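Student: Here is a sequence with its predicted model. Questions after.
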Amino acid sequence: MARGGENRGRLLLIILVITSLFLITLDLRGVSLISGLRTGTQSALSPVQSVGATILSPVRNFFVDVIYLGRTRSEMEKLRTENGELLSQLRERRGIDAQLEQLQGALDLAGKAEFKVLSARVISQGATTSFTQTITIDAGSRNGIKPNMTVINSYGLIGVVKTVYTDSALISLASDPSFRIGVRVAGTQQIGILSGQGTRKGVLQLLDNQSTIKVGDILLARGSENNQPFVPGVPVGEVTSVDNAAGEVTQTADVRFFASFSSLGVVSVVLAAPDVDPRDSLIPPKPLPTPIPTVTVFVTPSQSPSPNSSGTE
C-alpha cells in the first residue's frame, strides 16, 4: 500500500517536470501563453480596480483638501488684507486729487482778483455750539490769519474767520443762520442783505424796491470798510426764485450759494485785497449747453436705366 503511494508521488513529480519543460519550450519558441494568461488575469481584475479607484477617490481628495485647507485660508486672508490696503490707497488718492482741484480753483480765483491768500486744509467740520455751522482749518495766527478775514474757495464765498488760534482757526460758514453779508447784483447797482438758512440756500432782501430782480441774477460780495470782514467782488450765489409781493417795502428772493459747504477739503483765507474793486470780473462762467446730437443721412440716388438700353445688344 505504501509502495503504491510512492509510485503516485513519483508520477506526479514527473508530470510536473515534463509540464515545466513544455512551457519553457513554448516560451522559447515565441508562444506567449504565459503573457496571455497574465493579460487575461489583468482584464478580469480591471473592473475591480476601477470600482476601487472610484470608491477611494473622494476619500483621497478629502485628505488632500484637509492638508491644503490651512494654506488656502491663509492665502485668502492675505488677499483680503492686500485688497483692503489697495482700497484705502485709492480713497486717499481720490481725496488728495479732490483737494488739489479745490486748491487750484481757489488760486485761480484769487489770482484773477489779485487777492493775497493763504490756503489751508479743513481738519474738522460741524457745529461747535448750538445752531452754528463752522469749519476748522489747520492755519492760525502763526500764519498771519486774523479774525474777520474773508474765506473763499474755487466757487466763491465760504465764510469769514471767527476765532483764531496759534495753529488753527474757526470759520463761520455763509450757510449759518446768523450769517449776514451785503451783496450786489452783478451788472447793476442793486444791493441787498443775504442771510444763511442752514443749508446751501440763502434768502436775499433787496433794499431798492424801485428796481426788480430776476431768476438767474448773480450776487457778488459788496465789500466792507478796509475789506473786513468781506472783500468786494467775491461770487456768492445765484437767484433761484423771486417774491415780489404787492405793498412790500423790499423784494425777497431765494438764493443758491455757489459753494457746497458739505464737501470742503481746502479753503483760502484772503490776507490782503487790492485797492481796486474787481467788480464783475469774478463772475463764474455759465456752463455751455449740451449740444443735441444730430445725424446726417446721405441718400445716394439710384441710377435709372438708359433710354437706349434694351437689355440685349
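Tutor: Yep, that arrived.
Student: how about the strands of the stretch 151-300 of the chain, start to end?
Tutor: 156-164, 169-173, 180-185, 191-196, 201-206, 218-221, 235-243, 251-257, 266-272 (DSSP state E, counting those that start in this stretch).
Student: how about these, which one is nearest Leu103?
Tutor: strand 266-272 (4.7 Å; CB to CB). From N, CA and C alone the C-beta is placed, and that goes for glycine too.
Student: among the strands of the stretch 151-300 of the chain, which is the most enclosed?
Tutor: Between these, strand 218-221 has the highest mean count of neighbours, a mean of 25, where neighbours are mean count of other CB atoms under 10 Å.
Student: what about the strands of the stretch 151-300 of the chain, which gets the closest to Met149?
Tutor: Among the strands of the stretch 151-300 of the chain, the nearest to Met149 by CB to CB is strand 156-164 (4.4 Å).
Student: so what secondary structure elements neighbour the closest one?
Tutor: Contact here means 3 or more CB pairs under 8 Å, 6 or more residues apart in numbering; DSSP states H and E; on that basis strand 156-164 packs against strand 134-137, strand 150-153, strand 169-173, strand 235-243.
Student: do that again at 7 Å, thanks
Tutor: For strand 156-164, the packing partners by 3 or more CB pairs under 7 Å, 6 or more residues apart in numbering; DSSP states H and E come out as strand 150-153, strand 169-173, strand 235-243.
Student: so what strands line up beside the last one?
Tutor: When sheet partners are counted by DSSP bridges, strand 235-243 sits next to strand 218-221 (antiparallel), strand 251-257 (antiparallel).
Student: Once you drop chain neighbours, what's closest to Ala110?
Tutor: Spatially, and ignoring its direct neighbours in sequence, Ala110 is nearest to Val117 (4.4 Å; CB to CB, 6 or more residues apart in numbering).
Student: In a strand, that neighbour, correct?
Tutor: Yes - assessed by DSSP: H, G, I helix; E, B strand; the rest coil, Val117 belongs to a strand.
Student: thinking again about what came up before, can I get the helices and strands packed on strand 156-164 in JSON lines including distance to Gln228?
Tutor: JSON lines is the format used below for the helices and strands packed on strand 156-164 (distance: least, CB to CB, whole Å):
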{"stretch": "strand 150-153", "distance to Gln228": "8"}
{"stretch": "strand 169-173", "distance to Gln228": "14"}
{"stretch": "strand 235-243", "distance to Gln228": "17"}
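Student: Tell me which of those strands lies nearest to Thr136.
Tutor: strand 169-173 (5.7 Å).
Student: doesn't Asn148 make contact with His228?
Tutor: His isn't right for residue 228; it's Gln. Yes - between Gln228 and Asn148 a contact is recorded at 4.4 Å, counting by CB atoms under 7 Å.
Student: Pull out the buried positions in stretch 278-285.
Tutor: Going by neighbour count (16 or more other CB atoms under 10 Å), the buried part of stretch 278-285 is Pro278, Leu282.
Student: end to end, how far does that stretch reach?
Tutor: 16 Å (CA to CA, to the nearest Å).
Student: cool, and stretch 143-156?
Tutor: 22 Å.
Student: now swap in stretch 119-138 and tell me
Tutor: 9 Å.
Student: Could you take the strands paired with strand 235-243 and lay them out as JSON lines, with extra columns for mean pLDDT?
Tutor: Below are the strands paired with strand 235-243 laid out as JSON lines (pLDDT from 0 to 100):
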{"stretch": "strand 218-221", "mean pLDDT": "95"}
{"stretch": "strand 251-257", "mean pLDDT": "93"}
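Student: for those, which one sits closest to Glu77?
Tutor: Going by CB to CB, the one of these nearest Glu77 is strand 251-257, 47.6 Å.
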